[in-house]
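>>> pasting a predicted model and its sequence here:
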Amino acid sequence: MTRSRTVLAVDMGGTKLAVGLVDDSPKVLYQKVSPTVTTSRDGCLSDLYDRLDEMVAKASQLAAIGVGIASMVDFADGRLVDSTNLPLCNVPLRDLLARRYTLPVVVDNDATAACIGEHLWGAGKDASEMLMLTLGTGIGGGIICRGKPYRGCSGAAAELGHMVIDVQGPRCQGSCPAAGCLEVFVSGNAIGAAALAEAQAKPASALGRALADGEAVDGRLLTRLAQVGDPDALMVFERVGSLLGVGIANLVNIFNPQLVVIGGGAAAAGDLLLDPARSVVATRALRPQRDEVRIVPARFGADAGIVGAAALAFTELLYEEA
């Protein structure tokens, strides 16, 4: 009997929850995206169960469940230790899901999962030393070292977005106790805040006029304006991209990766964001590290999280059985 090679994949961030069916092509066979419920622990978990129930009803056979979630995860026992942008702390998520759905389950940090997917099937397929930053509500991180995910002593490694790049900077978001973290300056939330600040400071600009007209001034609008050459939008990306470059330069000096992959919703800006970052890395990082690294967008774009959750299930639960 041939086992099903379809898994139920979950990508839960601070803003959106994506649940889908993914095979090992990899192909997203079906996916549903909804806002993440962040009002309470019970509300968040109940909504997750509802979304999973819907997806299980659509699948004739499933091999496993892979979960990538914006939390610090004790990987060995699949427990959510703490979450900066979710109301989830000390939650034995792997065991809860395994009991409910009678399937093997693996749970990991969402950015680590996305990194595994890009390493297995995407932009980092041929890299043995790779980093990934996911720019969403916050900034997640993933590390591939000698071809394997690096998780640290308890599974909570790679919180790369909480690297401090300005000790005098603003307080970080969520439950992070630090200030001046990379996340404060370059996450999707931060890019939206930078666009709004520019609109408020320059009411005669395209951003300012959009604000006056009641349009949502966020990263999507900023990207659209920059793509048609708006100088104020381009200047915001230059500023934000340069700060991203400072963070990447630090990581390049520390890890000496072959590749840094940039994913998450804010990465849809592409080279508008990455070109300023590359310029900073080329001038601020040490040699030979800066000459060896490439900074590239995630191959799977907005699907990097859900594909990564599927890759996690295949690599940790299924491929080892073959």
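Thanks, I have it. Numbering: from 1, shown residues only.

>>> what comes into contact with stretch 228-236?
For stretch 228-236, the external contacting residues (C-beta atoms under 8 Å, 6 or more residues apart in numbering) are 191, 194-195, 198, 202, 205-207, 222-223, 225-226, 272. (Each C-beta comes from the backbone N, C-alpha and C, glycine too.)

>>> restricting to C-alpha, output that stretch in CSV.
Below are the C-alpha coordinates for stretch 228-236, written out as CSV (Å, rounded to 0.1, in the frame of the first residue of the first chain):
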residue,chain,number,x,y,z
VAL,A,228,6.1,53.7,-10.2
GLY,A,229,9.0,55.8,-9.0
ASP,A,230,7.5,58.0,-6.3
PRO,A,231,10.5,59.6,-4.7
ASP,A,232,9.2,59.7,-1.1
ALA,A,233,8.3,56.0,-1.2
LEU,A,234,11.7,55.2,-2.6
MET,A,235,13.3,57.1,0.1
VAL,A,236,11.5,55.2,2.8
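
>>> list the buried residues for that stretch?
Buried residues in stretch 228-236, counted by 16 or more other C-beta atoms under 10 Å: Asp230, Asp232, Ala233, Leu234, Val236.

>>> farthest-separated two in the residues you listed?
For the buried residues of stretch 228-236, the farthest-apart pair by C-beta to C-beta is Asp230 and Val236; their separation is 9.5 Å.

>>> helix/strand/coil for Gly14?
What DSSP: H, G, I helix; E, B strand; the rest coil gives for Gly14 is coil.

>>> mind jotting down where the strands sit in the chain?
In the chain, strands defined by DSSP state E lie at 6-12, 16-23, 27-35, 64-69, 72-74, 79-82, 105-109, 130-135, 139-145, 148-149, 259-263, 294-297, listed in chain order.

>>> out of these, the one nearest Val164 is which?
strand 139-145 (12.5 Å).

>>> quick one: that closest one to chain centroid distance?
Distance of strand 139-145 from its chain centroid, counting by C-alpha atoms, centre = their mean, to the nearest Å, is 9 Å.

>>> pLDDT below threshold where in the chain?
Across the chain, the ranges flagged by pLDDT under 70 are 1-4, 320-322.

>>> 80 - rerun?
The chain contains residues with pLDDT under 80 at 1-4, 60, 320-322.

>>> returning to what we had before: among the buried residues of stretch 228-236, which are located in helices?
Using DSSP state H to define helices, the subset of the buried residues of stretch 228-236 located there is Asp232, Ala233, Leu234, Val236.

>>> quick one: the helices in the stretch 151-300 of the chain?
Ranges of helices within the stretch 151-300 of the chain are 182-186, 188-201, 206-212, 219-227, 231-255, 271-284, 289-292, based on DSSP state H, counting those that start in this stretch.

>>> in JSON lines: those helices, plus distance to Arg299.
Below are the helices of the stretch 151-300 of the chain laid out as JSON lines (distance: least, C-beta to C-beta, whole Å):
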{"stretch": "helix 182-186", "distance to Arg299": "21"}
{"stretch": "helix 188-201", "distance to Arg299": "19"}
{"stretch": "helix 206-212", "distance to Arg299": "31"}
{"stretch": "helix 219-227", "distance to Arg299": "19"}
{"stretch": "helix 231-255", "distance to Arg299": "18"}
{"stretch": "helix 271-284", "distance to Arg299": "14"}
{"stretch": "helix 289-292", "distance to Arg299": "20"}
